[in-house]
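[1] need a structure here:
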Amino acid sequence: MSELNQPVTPAAADPEHIAISKSTGIKIDWRDGHHSEYALELLRDSCPCASCTGAHGTEPQKTSYSKPEPFPMFKPRLKMNQVEAVGSYAVRIYWNDGHSSGIYSFQHLREICPCTACRNNALM
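    This is a model prediction of the structure:
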């Protein structure tokens, strides 16, 4: 939902500008004036691929980078190795943990926007 409790239309889900930092995340300015900032951990935990979501009746292989473990073992800091455009509707992220099957549509990114206004609308 958009800030005005209206469904996000395909045109509103088109980015005006995308800024990518492989070590911190993605920032998007949307055509409708909305601004979203996605931390790496949120993006990785929100991967829309079949393995991560449990599509095809499989057990979801969700990550929990957003929730630090109480007794963490060493693992390299999460980062994006590469990001590529997928047509004019999505981006594919190649992660340093070896995962790369998630295609993040702009619609999906808009739906997982972590800003306060979007999170409040999602609760309504």
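
[2] now for the chain, the helix or strand with the poorest mean pLDDT.
    helix 116-123 (a mean of 82; mean pLDDT, DSSP states H and E).

[3] extract the C-alpha set from it and format it as CSV.
    Extracted C-alpha coordinates of helix 116-123, given in CSV (Å, rounded to 0.1, in the frame of the first residue of the first chain):
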residue,chain,number,x,y,z
THR,A,116,7.4,3.8,8.9
ALA,A,117,4.5,4.9,6.6
CYS,A,118,4.6,1.7,4.6
ARG,A,119,5.0,-0.5,7.7
ASN,A,120,2.0,1.3,9.4
ASN,A,121,-0.1,0.8,6.3
ALA,A,122,0.8,-2.9,6.2
LEU,A,123,-0.6,-3.3,9.7
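
[4] ok, and for it, which residues are buried?
    Cys118, Asn121 (16 or more other CB atoms under 10 Å). In short, each C-beta sits where N, CA and C put it, glycine included.

[5] can you tell me how far Lys62 is from Ile103?
    To Ile103, Lys62 is 17 Å away according to CB to CB, to the nearest Å.

[6] if you count what's nearby, which of those two comes out ahead?
    Ile103 (17 against 13; other CB atoms under 10 Å).

[7] for that one, name its beta-bridge partners.
    Note on Ile103: beta-bridge partners by DSSP bridges are Arg92.

[8] shaky segments in this structure?
    The model of the chain has pLDDT under 70 over residues 1-12, 71-72, 122-124.

[9] need the contact list for the residue most central in space within it.
    In the chain, the residue lying closest to the centroid (CA atoms, centre = their mean) is Leu43, at 3.6 Å. The contact partners of Leu43, taken as CB atoms under 8 Å, 6 or more residues apart in numbering, are Gly25, Ile26, Ile93, Tyr104.
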